[in-house]
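In: whatever this is, show me its structure:
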Amino acid sequence: MLDKETFEKTMNLYLNCFSLVSYAAFPELKDQIKAKRTEITALIAKEKQMLQQNLDEAFCRKGLTLVEKYSGSLPPLTEKLSEKNLGAYLSLLNKKNPQFVKLWEELVPWADSEEFKKLLQPK
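Out: As a prediction, this is how the structure comes out:
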């Protein structure tokens, strides 16, 4: 079972990746993306124990290590980020900041993996 800190950081990272991918792809759907973010947060809270038991620790550590490897001036993606901070990360992505793009290229496949898909499917 994942410890509380690893679980919370992993879920924050997943949710922040989902938000950034969505905002980048569909900027005109900001309100709907916020609503989906709230929905996913509620699902995570509801299924917390199951998720903590079923997420692979090595898989979680891989995502957390990626973020630590590319730390910058913004709060880390492993924290619960405000819309302002998500906007700042989106700006880095849009401006093709080399350090962030490199992180992003490694992080998106991790966040879009089957590991999450099988656990976070609505029941």
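In: ok, Tyr70 to Glu105 distance?
Out: 11 Å (CB to CB, to the nearest Å). Using the backbone N, CA and C atoms, a C-beta is placed for each residue, glycine as well.
In: kindly report the same for Asp56.
Out: 22 Å.
In: try Thr78
Out: 18 Å.
In: higher neighbour count, the two?
Out: Thr78 (21 against 9; other CB atoms under 10 Å).
In: who touches the more buried one in this structure?
Out: With contacts defined as CB atoms under 8 Å, 6 or more residues apart in numbering, Thr78 is in contact with Lys9, Thr10, Asn12, Leu13, Leu64, Val67.
In: wouldn't the second one be in contact with Lys4 here?
Out: No - counting by CB atoms under 8 Å, Thr10 stays clear of Lys4, with 10.8 Å between them.
In: who has more neighbours, those two?
Out: Thr10 (25 against 10).
In: name the nearest residue to the more buried one, sequence neighbours excluded.
Out: Distance criterion CB to CB, 6 or more residues apart in numbering; nearest residue to Thr10, sequence neighbours excluded, is Cys60 at 4.3 Å.
In: for stretch 46-63, measure first residue to last.
Out: End-to-end distance of stretch 46-63 (CA to CA, to the nearest Å): 23 Å.
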